[in-house]
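A.B. asks: structure of the sequence below:
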Amino acid sequence: MVERRLPKEAPDRSQLLQMGTLVPGGVRDLVALRGQHWRAQGVDIATLTDEDILDRLLADPLSLRRPLLWLPDRLLLGYSAGTYRDLPGAEG
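C.D. replies: The predicted structure is shown next:
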């Protein structure tokens, strides 16, 4: 597992696209819609294309949902104690 600190170590466009393939809503699911950084932009996500969303996430990585755990076969967005507890190797 690789730990990164936002915004200094934000994922690049290619990584965001890869992450988007692991969640049902694509790159839209990566956005922290309730987060202060996203809300401050005053933009309705429904009006944006995926490319627009990627551009915004690259410009403002703090708009990414967190925590974000990128595993080989899936992406976990947000925190759920049960989900994290059920991960292989997790103690609990």
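
A.B. asks: quick check: pLDDT value at the most centrally placed residue in the chain.
C.D. replies: Closest to where the C-alpha atoms of the chain average out (CA atoms, centre = their mean) is Leu30, at 3.4 Å. We have a pLDDT of 96 for Leu30.

A.B. asks: what's the span of stretch 63-82, first residue to last?
C.D. replies: 24 Å (CA to CA, to the nearest Å).

A.B. asks: related to what we said a few turns ago, is it true that the residue nearest to the centre of the chain touches Leu64?
C.D. replies: Yes: contact criterion CB atoms under 8 Å: Leu30 and Leu64 qualify, at 5.7 Å. For the C-beta atoms, the positions are set from N, CA and C on the backbone; glycine is no exception.

A.B. asks: give me the common contacts of the two.
C.D. replies: Leu57 (CB atoms under 8 Å, 6 or more residues apart in numbering).

A.B. asks: hmm, back to that, any idea how far the residue nearest to the centre of the chain lies from Pro88?
C.D. replies: To Pro88, Leu30 is 24 Å away according to CB to CB, to the nearest Å.

A.B. asks: can you map out the strands along this structure?
C.D. replies: Under the criterion DSSP state E, strands of the chain are mapped to 68-70, 75-77.

A.B. asks: could you report the neighbour count for Leu69?
C.D. replies: 16 (other CB atoms under 10 Å).

A.B. asks: what does Gly78 give?
C.D. replies: Neighbours around Gly78, by other CB under 10 Å: 11.

A.B. asks: and for Asp55?
C.D. replies: By other CB under 10 Å, the residues close to Asp55 number 13.

A.B. asks: number the chain from 39, please
C.D. replies: In the new numbering, first residue 39, that becomes Asp93.

A.B. asks: low-confidence ranges in the chain?
C.D. replies: Counting by pLDDT under 70, the chain shows low-confidence ranges at 39-41, 127-130.

A.B. asks: return the set of buried residues in the longest helix seen in it.
C.D. replies: With DSSP state H applied, the helix covering the greatest number of residues in the chain is identified as helix 88-97. Buried residues in helix 88-97, counting neighbours by 16 or more other CB atoms under 10 Å, are found at Ile91, Leu92, Arg94, Leu95.
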